[in-house]
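Undergrad: got a sequence here, can you model it:
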Amino acid sequence: MSLADSIISAMEDSKTSEFEKLRSKLKTKKPLSKQDFRALVKLLEIKAIEILATNELSMNECRMIGKAILASKLRNIDEIIKFVINREDNKTPLLLHNLLNKNCKIDLQPLREYLNRMVCGEMHLCHYKVLLVVSKNYPSLMSAEILDFCEADSHPVSKELVKTHRIEIV
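TA: Numbering: from 1, shown residues only. Okay, here's the model as predicted:
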């Protein structure tokens, strides 16, 4: 059994080192080659939560991971969304925007709770992008509290959401 365990751990280490190699290429501020991007997509399909669990991801890395998320076929998207929501850092809206753009069937309860917390806090452009994606792909999540926030807010995205969803309610 120790031989099998050593093979499994060696394979896990190689996957981790592959991501570290890709991270070093991302830090050069140059776009990834098609081959490297495909490798990132494959890594995400296998170990998405482990990659997203990396604490010191830069915004550039998050953008590239987001693009790879859109190109990948994630099996456990509910778990990934819950993990990203529980991160609660400045990169959460960016990653969540890309996950919700996939328009998959998901458990809406964690997302509903996140949106209610989000509109009570400080809003940035990435938060408005999340609201737009939710409005387009998951309109049932546009609650009265979110629409009330949008009515009180002066951002153009908020005005558009109010115009779209208040017409549907009336």
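
Undergrad: in this protein, which spans are helices?
TA: 2-26, 34-52, 59-71, 77-87, 92-101, 108-120, 125-137, 144-152, 156-169 (DSSP state H).

Undergrad: give me the contacts around the fifth one.
TA: This means helix 92-101. 52, 59, 62-63, 65-67, 69-70, 77, 80-81, 84-85, 87, 111, 114, 118, 124, 126-127, 129-130, 133-134, 137-138 (C-beta atoms under 8 Å, 6 or more residues apart in numbering). Heads up, the C-betas are built off the backbone N, CA and C, glycines and all.

Undergrad: out of the helices of the chain, which gets the lowest mean score?
TA: With a mean of 65, helix 2-26 has the lowest mean pLDDT of the helices of the chain.

Undergrad: returning to that earlier point: only whichever of the contacts of helix 92-101 are buried, select them in ChimeraX.
TA: To isolate the buried members of the contacts of helix 92-101 in ChimeraX, using 16 or more other C-beta atoms under 10 Å:
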select :52,62,65,66,69,77,80,81,84,85,87,111,114,118,126,127,129,130,133,134,138
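
Undergrad: about what we covered before: pick the most buried one from the helices of the chain.
TA: Of all those, helix 92-101 carries the top mean neighbour count, a mean of 22, counting by mean count of other C-beta atoms under 10 Å.

Undergrad: find the nearest non-adjacent residue to residue 61, please.
TA: residue 26 (5.2 Å; C-beta to C-beta, 6 or more residues apart in numbering).

Undergrad: go ahead and confirm the one you found touches residue 63.
TA: No: checked against C-beta atoms under 8 Å, the pair residue 26 and residue 63 is beyond contact range at 9.4 Å.

Undergrad: quick check: can you list the domain ranges of this protein?
TA: Domain assignment for the chain by automatic domain parsing gives 1-105, 107-170.

Undergrad: show me what contacts the closest residue to residue 22 other than its chain neighbours?
TA: Nearest non-adjacent residue to residue 22, counting by C-beta to C-beta, 6+ apart: residue 40, 5.5 Å away. Each residue near residue 40 by C-beta under 8 Å, 6+ apart is listed here: 19, 22, 32, 64, 65, 68.
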